[in-house]
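Engineer: sequence-free structure coming up:
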């Protein structure tokens with residue numbers, strides 16, 4: 001990441017010396033997106049059209065349906081569970097799209113089956129150039145020793161089968177290698193990210209440290225069973241992030257970036273026990289609302305993750321990381337900077353600076369391995385991952401020039 005101030009800090013070092021700040025500013029925009037969501041194509045509880053309508057009507061710019069080991073292709077019929085919420089959901093779906101827009105049938109005992117629309121069928125109903133985009137995705141779902149190993153592939157072209165392996169890290173590495181092979185063969189930018197490491201305590205920092213080529217993981221996941229905050233024996237996602245980051249940099253590996261996602265499964269009941277949409281997202285600074293542009297921007301680190309806080313600016317000039325919040329009336333903010341010292345790499349994720357207010361900055365010294373910022377607001381999160389949560393944002397880590 002070089003800057004998020006809506007123009008590249010490359011300008012400041014003269015690479016684009018013939019361009020004005022306003023010209024550079026106009027080339028990139030912030031786009032809000034969610035990279036982990038489920039539908040009736042696997043274990044979600046609503047129809048793709050209803051889910052896309054929710055995200056589009058809530059001001060998202062891009063979204064994926066990342067169903068387990070499937071792409072929304074071919075013919076699939078969903079037998080509706082016998083429950084009031086699913087039955088009410090069907091009636092809502094039918095009322096919205098009508099008999100001509102919903103293909104369904106009843107079996108001999110009156111149970112309803114609905115034919116699900118494919119990505120090719122539902123995407124044109126919602127996509128608008130420069131306004132709303134649906135990115136093809138798969139949750140590559142595997143396991144080792146009964147541990148769930150889930151990894152999302154963003155902008156995938158063809159379904160990837162679970163690869164198996166003789167350890168947690170081997171399963172994930174084989175998945176990474178398959179994604180790289182597909183990217184190389186198609187020329188289409190795509191990436192794999194690690195989902196909810198603490199879900200059933202499946203993935204340790206050491207498992208991720210062993211990987212080659214991983215750039216992304218979920219620092220926040222909105223599912224109520226993923227243990228974002230760890231416990232007395234196991235690390236939170238932020239502690240894991242810093243531990244892996246330090247190990248990666250010591251091994252001359254690239255930076256690891258942190259995503260916030262919904263992992264939404266439930267669209268009818270909204271409460272702390274359900275996995276609902278709207279809990280976590282990424283804000284990407286991209287040239288355009290196109291899959292390749294978004295993927296490439298994220299691979300540069302040109303994004304931040306959020307559960308509600310909106311940033312006005314994130315700027316890094318090679319030495320100083322500066323953050324500005326888009327304030328809300330009556331809300332206060334704490335901006336924290338975390339990093340690891342080269343002289344003491346075992347003490348990863350040290351709080352380097354803690355400042356109250358809407359703007360703050362941190363200048364890296366020669367001993368700083370990296371730095372990242374966390375912005376904590378006083379505003380309670382609506383329908384939170386955990387009761388009492390306030391809205392938060394995370395910038396991506398940066399290295400001193």
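Structural biologist: Happy to help now that I have it. Keep in mind that what you see is a predicted model, and the values were worked out from it rather than measured. Numbering: from 1, shown residues only.

Engineer: Give me the pLDDT value at the residue sitting furthest away from the middle of the chain.
Structural biologist: Distance from the C-alpha centroid of the chain peaks at residue 108, with 42.6 Å (C-alpha atoms, centre = their mean). Model confidence at residue 108, given as pLDDT, is 84.

Engineer: Can you pull out the low-pLDDT segments for the stretch 251-400 of the chain?
Structural biologist: For the stretch 251-400 of the chain, no stretch is flagged by pLDDT under 70.

Engineer: ok now stretch 138-151, how far from the chain's centre?
Structural biologist: Relative to its chain's centre, stretch 138-151 lies at 17 Å (C-alpha atoms, centre = their mean, to the nearest Å).

Engineer: for stretch 95-105, same thing?
Structural biologist: 32 Å.

Engineer: Report the contact partners of residue 287.
Structural biologist: 27-28, 293, 297 (C-beta atoms under 8 Å, 6 or more residues apart in numbering). Where C-beta positions appear, they are placed from N, C-alpha and C, glycine not excepted.

Engineer: So which of these are in strands?
Structural biologist: Counting by DSSP state E, no part of the contacts of residue 287 is found in strands.

Engineer: Return the closest of the residues you listed with respect to residue 279.
Structural biologist: residue 297 (22.5 Å; C-beta to C-beta).

Engineer: Disregarding flanking residues, what is the spatial nearest neighbour of the closest one?
Structural biologist: Nearest residue to residue 297 in three dimensions, chain neighbours excluded: residue 286, at 4.2 Å (C-beta to C-beta, 6 or more residues apart in numbering).

Engineer: quick one: which of the contacts of residue 287 sit in helices?
Structural biologist: Counting by DSSP state H, the contacts of residue 287 place 293, 297 in helices.

Engineer: Now the buried members of the contacts of residue 287.
Structural biologist: 28, 293, 297 (16 or more other C-beta atoms under 10 Å).

Engineer: Going by distance to residue 255, which of these wins?
Structural biologist: Nearest member of the buried ones among the contacts of residue 287 to residue 255, counting by C-beta to C-beta, is residue 297, at 14.4 Å.

Engineer: who's in contact with the closest one?
Structural biologist: 284-287, 303.

Engineer: can you check residue 107 too?
Structural biologist: Residue 107 touches 79, 113, counting by C-beta under 8 Å, 6+ apart.

Engineer: got the buried residues for the helix or strand containing residue 153?
Structural biologist: Assessed by DSSP states H and E, residue 153 sits inside strand 147-154. Judged by neighbour count (16+ other C-beta under 10 Å), strand 147-154 contains these buried residues: 147, 149-154.

Engineer: so which of the residues you listed comes closest to residue 57?
Structural biologist: residue 154 (22.6 Å).

Engineer: isn't that closest one right up against residue 64?
Structural biologist: Yes - if you go by C-beta atoms under 8 Å, residue 154 and residue 64 touch, sitting 6.5 Å apart.

Engineer: Show me whatever sits in contact with both of these two.
Structural biologist: 35, 135, 137.

Engineer: Next, check those residues against the strands and list the overlap.
Structural biologist: Per DSSP E, the shared contacts of residue 154 and residue 64 map to strands at 135, 137.

Engineer: Going by distance to residue 203, which of the shared contacts of residue 154 and residue 64 wins?
Structural biologist: The closest of these to residue 203 turns out to be residue 35 (C-beta to C-beta; 17.6 Å).

Engineer: related to what we said a few turns ago, could you say which helix or strand holds the residue farthest from the centre of the chain?
Structural biologist: Residue 108 belongs to no helix or strand, assigned by DSSP H and E.

Engineer: Show me which residues of stretch 394-401 are buried.
Structural biologist: 394-400.

Engineer: Throw these into TSV and include distance to residue 207 and secondary structure, thanks.
Structural biologist: Listed next are these as TSV, based on distance: C-beta to C-beta, whole Å; DSSP: H, G, I helix; E, B strand; the rest coil:
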residue	distance to residue 207	secondary structure
394	22	strand
395	25	strand
396	22	coil
397	20	coil
398	25	strand
399	24	coil
400	28	coil
